[in-house]
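Novice: Make a model of this:
(2 chains)
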Amino acid sequence: MTHARDALEVEAIQTDRYLESLLTGSAAVAPDPAVAAAAGRLGRELVRVHPSFRFEDRLAHRLAEVAASIRARSAGGPEALPIQLLPFPIDPGLDPADPSLDAEARPSFPRAGPLLVGGAVASAAISIAGAAFVAWRLSRPGGDPLAMAGRVADAVRPNGPGGLP
Amino acid sequence: MGDPGRRSGSRVVQLDADRPLVEAARRDPGRFDALYRKYVAQVYSYAYYELRDHHDAEDATERTFLQALVALPRFDERARPEDGEGASTFRVWLFRIARNVVSNRRREIRRRPQAPLEAAGAIAATTDLQAGVERRTEASEAWAAVDRLPADRRRALILRFVDEMSTQEIAGVLGRSEGAVRVLIHRALRSVARDLGVDGR
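Specialist: Sure thing, here's the model as predicted:
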């Protein structure tokens, strides 16, 4: 068993060296021919792709807006006081309250619109965001029958949130 | 040991190839643009191969860079001498964010399946129509073989072949040891070879 694992690790190291040589253009002994053939095929097919320039520039503009808000917040200017990362979901199918989402990737940014808002604008933004969130929740389908059944069962479960005492 | 220049602090920090750009962006968030321009195609490519849809890839790229910009003050450089010249722990950190963003998106897509692998044809499109058909077929087969791999093997292959990351960098992104990444990639290539019916002879 240990011998087999050792052999696998040796093969893996040989493959690693071979892949390095492909990247650097230097010569290296090919490992298992099948592995080398697969590496050659993927090297040809898995090419890097570039986003559209329109998207790239739009996101650059968005990042510049966020950077300006961070700068203003650091400077403590009055226009920077209420920074709002509006909490309504970016994707209608993605629930920000879903506990299965990784914390780092939880949606926290609006897709568009100013990030830095102040005074009355901030209040309006919060109201709009709240209304959008409520509308989104109301417009969501009831879910699949299993999920609905699960919620009903949970509601009537003794000691559950809606259960009997 | 006795060389103060090689002690952890200054020596380690200087190893990170992106240190000047990161420091500039920390002083002035507006300078984050240089890091963004440097890595946008890499992050987008990773997201595109994982999600196979331009809109999803754009969305994941946007979320990744917005999160990175906001979290940049918390980024901790961890380059080591063995990482070699040109190593960037910023890139590893950025791709860890991308990995989480993309994983969540894939999870959501699994709940609402969409047409798979159309993107392979788009990438393989060429001006030569006859060659284009064969090329698209080959690309679709290769993509399908990669897509059938378990998640970690698939990610490792994409990071290796598309983003041309070193084993050390992939280990950093995936949170695995370098030995584990080597085995992941080796096994992944063997699976792809079996799947594509290539034996190298």
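Novice: quick one: secondary structure of A:Leu59?
Specialist: Secondary structure, DSSP: H, G, I helix; E, B strand; the rest coil: A:Leu59 is helix.
Novice: Hmm, it is touching B:Tyr39, no?
Specialist: No - counting by CB atoms under 8 Å, B:Tyr39 is not a contact partner of A:Leu59; they are 11.9 Å apart. Any C-beta I mention is one placed from the backbone N, CA and C, and that applies to glycine too.
Novice: the more surrounded of those two?
Specialist: Of the pair A:Leu59 and B:Tyr39, B:Tyr39 is the one with more neighbours under other CB atoms under 10 Å in any protein chain shown, namely 24 against 19.
Novice: The more buried one against B:Val92, yeah?
Specialist: No - counting by CB under 8 Å, B:Tyr39 stays clear of B:Val92, with 11.2 Å between them.
Novice: where does A:Arg48 land in three-state SS?
Specialist: At A:Arg48 the chain is in coil, as set by three-state DSSP.
Novice: which residues does it contact?
Specialist: The contact partners of A:Arg48, taken as CB atoms under 8 Å, 6 or more residues apart in numbering or on different chains, are B:41-42, B:45, B:162-163.
Novice: So which of those residues belong to strands?
Specialist: Of these, none are assigned to strands by DSSP state E.
Novice: Buried ones among those residues?
Specialist: Using 16 or more other CB atoms under 10 Å in any protein chain shown as the burial test, the contacts of A:Arg48 include B:41-42, B:45, B:162-163 as buried.
Novice: what's the helix or strand for A:Glu56?
Specialist: In the assignment (DSSP states H and E), A:Glu56 maps to helix A:53-75.
Novice: does chain B sit close to that helix?
Specialist: Yes - against chain B, helix A:53-75 shows contacts by CB under 8 Å from any CB of the partner chain at A:55-56, A:59-60, A:62-64, A:66-68, A:70-71.
Novice: Tell me the buried residues within those.
Specialist: When the residues of helix A:53-75 next to chain B are checked for burial by 16+ other CB under 10 Å, the buried set is A:55-56, A:59-60, A:62-64, A:66-68, A:70.
Novice: could the residues you listed be laid out in JSON lines, adding pLDDT?
Specialist: Output for these, formatted as JSON lines (pLDDT from 0 to 100):
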{"residue": "A:Phe55", "pLDDT": "96"}
{"residue": "A:Glu56", "pLDDT": "96"}
{"residue": "A:Leu59", "pLDDT": "97"}
{"residue": "A:Ala60", "pLDDT": "97"}
{"residue": "A:Arg62", "pLDDT": "96"}
{"residue": "A:Leu63", "pLDDT": "96"}
{"residue": "A:Ala64", "pLDDT": "96"}
{"residue": "A:Val66", "pLDDT": "95"}
{"residue": "A:Ala67", "pLDDT": "95"}
{"residue": "A:Ala68", "pLDDT": "94"}
{"residue": "A:Ile70", "pLDDT": "91"}
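Novice: For the residue positioned nearest the centre of chain B, which three-state class applies?
Specialist: Nearest to the mean C-alpha position of chain B, by CA atoms, centre = their mean, lies B:Leu159 at 4.1 Å. At B:Leu159 the chain is in helix, as set by three-state DSSP.
Novice: show me the contacts for the spatially closest residue to B:Phe161 that is not a sequence neighbour.
Specialist: Sequence neighbours aside, A:Leu46 is the residue nearest to B:Phe161 in space, at 4.2 Å (criterion: CB to CB, 6 or more residues apart in numbering or on different chains). By CB under 8 Å, 6+ apart, the residues touching A:Leu46 are B:49, B:142, B:146, B:157-158, B:161-162.
Novice: can you redo those residues as CSV with distance to B:Arg182 and pLDDT?
Specialist: What follows is the contacts of A:Leu46, written out as CSV (distance: CB to CB, whole Å; pLDDT from 0 to 100):
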residue, distance to B:Arg182, pLDDT
B:Tyr49, 21, 92
B:Ala142, 21, 87
B:Val146, 18, 93
B:Leu157, 13, 94
B:Ile158, 16, 95
B:Phe161, 15, 92
B:Val162, 18, 92
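Novice: Among those, which one has the most neighbours?
Specialist: Taking other CB under 10 Å as the neighbour criterion, B:Tyr49 ranks highest of the contacts of A:Leu46 with 28 neighbours.
Novice: Does that one touch B:Val162 like I think?
Specialist: Yes - B:Tyr49 is within contact range of B:Val162, at 5.7 Å (criterion: CB under 8 Å).
Novice: Counting neighbours, what do you get for the residue in chain A positioned nearest to chain B?
Specialist: Closest contact between chain A and chain B, by CB to the nearest CB, is at A:Pro33 (2.8 Å). Residues near A:Pro33, counting by other CB under 10 Å, number 13.
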